[in-house]
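> Generate a structure from the sequence data that follows.
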Amino acid sequence: MDDIWLGDTPQINENVKKLRHRPAILWHIDNEVRAIINCKINPENISHCTRVAKVNRQNSRPRAIIVQFNGTKARDEFLAASINFNRKKPVDKKLNTSFVVEHLSPSNKNLHAAARSAAKEKGYKYVWNVRGLRTKTHLFYCNLMNSCYDIIILTETWLNSGVSSLELFDDRYVVYRRDREVSDFHCTKEGGGVLIAVLKSLKSIRNKSLESGCEDIWVTVEIGDHNKYHQISFCGIYLPPPVQKTILKHFIDNFSKISDKINSNVCIVGDFNLATIDWEMESLTEGYQTSSLNQLFIDFVNLNGFKQCNSVKNRMNRILDLVLVDFSNIEVSSSVDRLCSEDPLHPPIVVVLPLVKESNLSYNSINCKRNFHKVDYQAVNNYLAEIKWEDLFMGVTDVNVLVNMFYREIGYAIDKFVPVSGKSRNKYPPWYSNCLIRRLKEKEKYGKKYNKFHNPLDNLSYRLLSERCSKLTMKCYRDFLAKTEQRISRDPKHFWSYVKQKRGGTSSIPAVITEGTRKYSNGDDICNLFATHFSSSYMNPNKIIPASVYGDLNCCCQALGMISVDREQIMKLLKSIDVSKDDNNKYKKYGVSIFVVYQFCMI
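Model prediction:
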């Protein structure tokens, strides 16, 4: 239904008017409401206005007005304007005497009333620059898990060497940090710090040679666009207030020195704390009166061909966070998804580059794995016991060949008895609840609808779902941490795996590897680089050192002793394995260890 319900609108003596004047009066009321809530809808989109009869004729409230629109989008724009008006206005300036709602059928009205009553009884509430991350690690991490940004730039992080980057970011990102303690200015004071995080699917590398003594960090990212790649050097910077002219001049002089070394486009994002510059003026050159500090920065922007693209103002109607670029086709807007609680002086912004992201590293695309939890180990034991190992190993004296033959038979057994199952395609962490996953999918659906149709009601739904997802994510993460703490005595392995993950114990392929002046970004080249580097640890069999180098080996008084191992020693070591740390106790049920002991002794 494409109708709107206007309730408690005064009838202004409509009953005494002639019938032909009633539609005009209703249209006038509708126009007044649209003007108050700033709803810019063409009157041609409204097809009909009428009042409806009362259910209870004794009720003194005026009859409601039904406004019928020609399409769903016009109706949604009217609803969104009314909701935004009531959110922004104080209590005494809301549409209190009149209300605007969607016209629902009687059954849907009853369902809506029941839902509101249940929410009121259970107390459901959904609440909407970072200004310090040390006390917001859990909140930031949970909100990050629900986002999909390619590049994240943070200023005034307040981080130090005691805070790991893995406490804030998951393994999707490569994190580059420059905390205040390693800068030349204010290094003895708390606060400050900048950070740039880049998805691992993008080629990125930090350029320390471009950094100044201020709190700035430079990262070069290679972004693909229809088989063409563009390099953009991103700079994150923070200048603490009050900005000193010597510090600003140091940053500008350093950029003048390094500008010739930059062979890519430049994007400088950060908090310069220059609040008195009016960036809305068409020209900041001739005739613009300002302080010497502001003029110094304006000259820097104009001389280097930069353009300030951020127009999102803070609560004080000022712009502190700047986006300076030397290229076009860039969009800057207010961010809907908050990674942490919003600082009213530094509203978060989103910078959109019209480029297509392409993955640079190819990963293993095999979507199946062996499921050892469903193996019939008694059948495996019988199969291996039927193999005539004496005949198989007869005449073989090389221990390496024996081991390869042993592993080959084990491989045949695995192929025969271990079933193959598909890998889990779940892109969410294991501690996400089903309710949270449903809300995230619903949020993604409304985000796609808004990007395609630009319906303001879809945008409101997306914002509401973002708030709910943030709250649910924090609850799930707190429950996960509580369960992990409770399982320490029963399952310490689970706890230490979590600690290892936060300490950076997990391995991953970096996007770019450097060796001297050479850079490698292809997966095969990176693997070959590691193989070449560690090949020096192994002896080349083609370069056998002759015995004459060491003299007469037959006269050596020391000789390599024979290694003898009996079954009792191997069995004792196998029994000493603590199988209680393995959740799957099925492995120890059958006597496979007897067979393993026998084959070890033969080899």
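> contacts, neighbours, all on C-alpha from now
OK.
> any chance you could map the helices in the stretch 401-550 of the chain?
434-453, 456-486, 492-503, 523-534 (DSSP state H, counting those that start in this stretch).
> Okay, buried residues for the last one please.
Taking 16 or more other CA atoms under 10 Å as the basis for neighbour counts, the residues of helix 523-534 that come out buried are 523, 526, 529.
> cool, the second one as well?
The neighbour-count check on helix 456-486 (16+ other CA under 10 Å) flags 456-463, 465-474, 476-477, 484 as buried.
> What values do phi and psi take at the nearest residue to residue 455 once chain neighbours are set aside?
Spatial nearest neighbour of residue 455, excluding adjacent residues (CA to CA, 6 or more residues apart in numbering): residue 73 at 6.2 Å. Per-residue torsions, residue 73: phi -60, psi -40 (degrees, to the nearest 10).
> where's residue 73 relative to residue 461, distance?
To residue 461, residue 73 is 14 Å away according to CA to CA, to the nearest Å.
> contacting residues for residue 334?
Residue 334 makes contacts with 312, 347, 348, 349, 350, as judged by CA atoms under 8 Å, 6 or more residues apart in numbering.
> Would you mind measuring from residue 168 to residue 456?
For residue 168, the distance to residue 456 (CA to CA) stands at 32 Å.
> Check residue 184 too.
47 Å.
> Ends of stretch 235-252, what's the gap?
From its first residue to its last, stretch 235-252 covers 13 Å (CA to CA).
> Which positions in that stretch come out as buried?
Result for stretch 235-252 [16+ other CA under 10 Å]: buried residues 235, 236, 237, 238, 239, 240, 248, 251, 252.
> what is the rounded mean pLDDT of stretch 152-169?
Stretch 152-169 shows a mean pLDDT of 90 in the predicted model.
> could I have it exported to PDB, CA atoms only?
Extracted C-alpha coordinates of stretch 152-169, given in PDB (Å, rounded to 0.1, in the frame of the first residue of the first chain):
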ATOM      1  CA  ILE A 152      41.100   2.500   7.300                       C
ATOM      2  CA  ILE A 153      42.900   5.700   8.500                       C
ATOM      3  CA  LEU A 154      42.700   6.600  12.200                       C
ATOM      4  CA  THR A 155      44.100   9.600  14.000                       C
ATOM      5  CA  GLU A 156      44.700  10.300  17.700                       C
ATOM      6  CA  THR A 157      44.700   6.600  18.500                       C
ATOM      7  CA  TRP A 158      46.500   7.000  21.900                       C
ATOM      8  CA  LEU A 159      48.200   3.600  21.200                       C
ATOM      9  CA  ASN A 160      51.600   2.600  22.500                       C
ATOM     10  CA  SER A 161      53.900  -0.500  22.300                       C
ATOM     11  CA  GLY A 162      51.800  -2.200  25.000                       C
ATOM     12  CA  VAL A 163      48.700  -2.500  22.700                       C
ATOM     13  CA  SER A 164      48.900  -5.100  19.900                       C
ATOM     14  CA  SER A 165      47.300  -4.300  16.500                       C
ATOM     15  CA  LEU A 166      45.600  -7.700  16.600                       C
ATOM     16  CA  GLU A 167      43.500  -6.500  19.500                       C
ATOM     17  CA  LEU A 168      41.900  -4.100  17.100                       C
ATOM     18  CA  PHE A 169      42.000  -5.800  13.600                       C
END
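> got the contact list for the closest residue to residue 197 other than its chain neighbours?
Nearest-residue entry for residue 197: residue 175, 4.3 Å, with adjacent residues in sequence omitted and distances by CA to CA, 6+ apart. Going by CA under 8 Å, 6+ apart, residue 175 touches 165, 169, 195, 196, 197, 198.
> Can you name the helix or strand that residue 175 falls in?
strand 173-178 (DSSP states H and E).
> and that strand, which strands flank it?
Strand 173-178 sits in its sheet next to strand 194-199 (antiparallel), going by DSSP bridges.
> Mind listing residues that contact the partner strand?
Under CA under 8 Å, 6+ apart, the answer for strand 194-199 is 150-157, 172-179, 204, 215-217, 219, 236-238.
> next structured bit after it?
strand 203-206.
> Pairing partners for that following strand, with directions?
strand 215-225 (antiparallel).
> List the buried residues of the strand it pairs with.
Quick answer for strand 215-225 (16+ other CA under 10 Å): 215, 216, 217, 218, 219, 220, 221, 222, 223, 224.
> before we move on, what about stretch 50-67?
Neighbour counts over stretch 50-67 (16+ other CA under 10 Å) mark 51, 62, 63, 64, 65, 66, 67 as buried.
> what's the answer for stretch 146-159, then?
Using 16+ other CA under 10 Å as the test for burial, stretch 146-159 gives 146, 151, 152, 153, 154, 155, 156, 157, 158, 159.
> Equivalent analysis for stretch 315-329, please.
In terms of neighbour count (16+ other CA under 10 Å), stretch 315-329 has its buried residues at 318, 319, 320, 321, 322, 323, 324, 325.
> out of the helices of the stretch 401-550 of the chain, nearest to residue 77?
helix 456-486 (5.8 Å; CA to CA).
> list the helices and strands the closest one packs on?
Other helices and strands packing on helix 456-486, by 3 or more CA pairs under 8 Å, 6 or more residues apart in numbering; DSSP states H and E, are helix 72-88, helix 137-145, helix 434-453, helix 492-503.
> related to what we said a few turns ago, what about the residue nearest to residue 455, how many residues nearby?
A count of nearby residues for residue 73, using other CA atoms under 10 Å, gives 18.
> Distance-wise, check it relative to residue 49.
Separation of residue 73 from residue 49 (CA to CA): 18 Å.
> For residue 437, which residues are in contact?
Contact analysis of residue 437 by CA under 8 Å, 6+ apart lists residue 428.
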